[in-house]
Every structure is written in C-alpha cells, then in structure tokens.
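Trainee: output the structure for:
(one chain, ligands or ions: 1)
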Amino acid sequence: MALHQTLAQTLSWPSSYATCTARCSKVPARTPKIWTIMKIAIFGIGFLGGKLMKYLSNEFEVVGASKNSHDSFVKQIDATDINRLEEFLNIEKPDIVIDTIALSSYFLCEKDPKLCKTLNYDTAKNIAKICRKINAKMIFISSSYVFNGKIGNYSETDIPDSTNKYARSKIRAEKLVLKLKDALVIRIEPLYGYDEKDNQIKVGTNTFESDIAVGYPDILRNPVYINDIPKVIKSLIENNQSGIFHIAGPRKMKWIDFLKTLASIIHAENKVTIVDNSNWLLKPPHDSSLNISKINSLGITTTSFEIALNELRRF
Ligand SMILES: NC(=O)c1ccc[n+]([C@@H]2O[C@H](COP(=O)([O-])OP(=O)(O)OC[C@H]3O[C@@H](n4cnc5c(N)ncnc54)[C@H](OP(=O)(O)O)[C@@H]3O)[C@@H](O)[C@H]2O)c1
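Mentor: You can find the predicted model right below:
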C-alpha cells in the first residue's frame, strides 16, 4: 500500500495551496484557501507503530521514524538525540506527532531502570519540547499498567498509582505531555493481533514462536485487538479530542483463558505454560482492566474477542 496515498476526509485549512482532491470542487471558486491533508509523524515503528502507519496512511499524509529502521519509508532516527529529532520535525512540519517509543516490557524496565527512563520518559520529553515549538498536537501512547491493579475497571479520572519502573516512567511522561495544548494520552490494555513485520500473532511483547511463561494465570485483563487502536485514534483526531482516553477490549478475561484461546487458533496451546512465579522480579497488577465508557460515549467501540479471533484465523 502506498504510504502517501491521498485522501480528502480529514482536512485542515492550510496557509498555502497544496494537493487538490475531488473535494476541492466543494470549495467556492474564489476562496483563497483549499483543503489539504493533515500530516502525521509517527515515532517508533514497532508492533503498534507499524499498524498506525499502515492504517493512517489511508487517511492522512504519514511519515515514520524509528531507531533501527531498514524500511525506505521509515526514517532512521534515535529519539534520544534531540538535535536529530528537531531537524526531522522541522523539515517534515507535521500537524500531529504520535509517540509509540518505549521499552514496553515492564520486566525489562525493572531490570534496566536507566534504559526505561531514557526510552519511556526522555524521548517523550524531547518530542514534547519540539511539538511545543512547531505547534504540533502530540499523541502519547501509555498503558493500563500505570494503575496498581487492585480494583480494575479504571476510568480516565482515576489517579495512576503504580510504583514499578515502567509505570513511573509512563506516569511522568503522561504528566509532561498533558501540559501541551491539545495533547492526547492514550492508555491501552495488552495488545494482541497479527504482526505483519514478523508474520505472526503477537500478544503484548510475546509471540507463540517460543513458550509464553505465565506466572500469574488468574490476573484479569481486557486485551484489545491492535487493529482497533489506529481507528480509535483517527476518530479522536477527527473529533478534535484532547486529554486522556482509555482503549481496551469490551470483555474482561482471565489471562490464562485469553492466552489459551488465542493460541488455539494456531494450535499453539502447548506454548502457554504456567510456571512457578517465586523468583519473578515483579508481580503484575491483578486487574488492570480499563473502563472504556468515555470512548463509547463518542460512538467508538472496540472489537469483540470472538470477531478478532475470526479475523486472525484468516492469516
Ligand atoms: N504491546 C502492548 O501490549 C502494549 C500495552 C500497553 C501499552 N503499550 C505501549 O504502546 C506503545 C507501543 O508498543 P509496541 O508493542 O508497539 O512496542 P514495540 O513493538 O517494542 O515498539 C517500540 C518502538 O520504539 C522504537 N524505539 C525504541 N527506542 C527508540 C529510540 N531511541 N528512538 C526511536 N525509536 C525507538 C523501536 O524502534 P526499532 O524497532 O526501530 O528499534 C520500536 O519500534 C509503547 O508505548 C508501549 O508502552 C503497549
């Protein structure tokens, strides 16, 4: 799919003339302004960034940047280098910047707090600083793991209270990003779906290629189908939303049941193994489920597990 496909659905008033699409005919002939497509820069083209780039490219002009990119459509940029970041954003001048960069394993964050802070907080700080300068809307991807998981069904008004390294880095980054005008913070539950880059089903940071060790089988989650995230973000952009939004699947499940069912569609149930957790560095939040009534109130829903499984069976 062409990454710079034009589409005239999401439009902004530009200061200069640019690509004219079919909709231009609706603009009065003498108007000095015509519609143009919003430009989005996505940082971190991993599991989620790849999906965002593919989907949003149908609707917006999209540029991507990642640390180890080997893709000609994705610029190779280390976001810890603020000068390189600034140069890139000054050239591209996006209207919106989406930050998906992270050390997304909370175990690795606990093992290497310095790297955790560098990737989860410092890069967000760098991006936010430049967004302020170029007047771009920043969208920061956060996690349900900012909550300690004692009560579950967390809504956007609940105060994040988790104290592990991953959570603390995300909470600090959220606070900083929310100081920017019009910024969006998107908290998500564990992601699952098909990763085109690796050609396999992925859940969180795991695939079924190797064993998935489950130390706490009874924890509760409402995992979200990854294909939903770009659609929700597109709706939030089009509705000019700002602030915090939670995105999760519609059903809360026991982690072990969720994993086994997901694994069953590729006959990999044997890859999901319950292990002794006595030497685990961290206890995961028991119930990190997110309340999604705020997005629902905007008419946005997320895909049921059953429908997602049917889609995934086709891969
Ligand atoms: N996966 C989940 O279940 C889940 C759940 C809740 C929240 N989240 C959040 O969602 C976001 C995306 O997660 P994901 O699963 O897509 O993670 P991912 O696959 O690990 O992607 C992270 C991306 O960050 C990039 N990156 C790392 N260091 C960088 C740097 N210094 N400069 C530029 N790019 C850098 C990596 O680039 P390279 O690939 O080029 O090295 C990678 O593409 C993260 O913020 C994560 O915390 C994820």
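Trainee: all contacts plus neighbour counts: C-alpha atoms, from now on.
Mentor: Fine.
Trainee: can you tell me how far Thr302 is from Trp280?
Mentor: 32 Å (Cα to Cα, to the nearest Å).
Trainee: and the next helix or strand past the worst-scoring helix or strand of the chain on mean pLDDT?
Mentor: Across the helices and strands of the chain, mean pLDDT, DSSP states H and E gives its lowest value to strand 11-12, namely a mean of 32. Proceeding N to C from strand 11-12, the next assigned helix or strand is strand 36-37, under DSSP states H and E.
Trainee: tell me what that following strand is packed against?
Mentor: Strand 36-37 sits against strand 11-12, with contacts defined as 3 or more Cα pairs under 8 Å, 6 or more residues apart in numbering; DSSP states H and E.
Trainee: now do 10 Å
Mentor: Contacts defined by 3 or more Cα pairs under 10 Å, 6 or more residues apart in numbering; DSSP states H and E place strand 36-37 against strand 11-12, strand 61-66.
Trainee: neighbouring strands for the helix or strand that the longest one is followed by, and are they parallel or not?
Mentor: I take that to be strand 61-66. Downstream of strand 61-66, the first helix or strand assigned by DSSP H and E is strand 74-76. Partners of strand 74-76 in the sheet, by DSSP bridges, are strand 61-66 (parallel).
Trainee: and the strand it pairs with, average pLDDT?
Mentor: Per-residue pLDDT over strand 61-66 has a mean of 97.
Trainee: try stretch 37-53
Mentor: In the prediction, stretch 37-53 has an average pLDDT of 97.
Trainee: what's the answer for stretch 92-102, then?
Mentor: Stretch 92-102 shows a mean pLDDT of 98 in the predicted model.
Trainee: Leu115: what's it in contact with?
Mentor: Leu115 is in contact with Ala102, Leu103, Leu108, Cys109, Tyr121, Asp122, counting by Cα atoms under 10 Å, 6 or more residues apart in numbering.
Trainee: how about these, which pair is most distant?
Mentor: With distances taken as Cα to Cα, the most widely separated pair in these is Leu108 and Asp122, at 16.7 Å.
Trainee: the two - which one has more neighbours?
Mentor: Asp122 (20 against 15; other Cα atoms under 10 Å).
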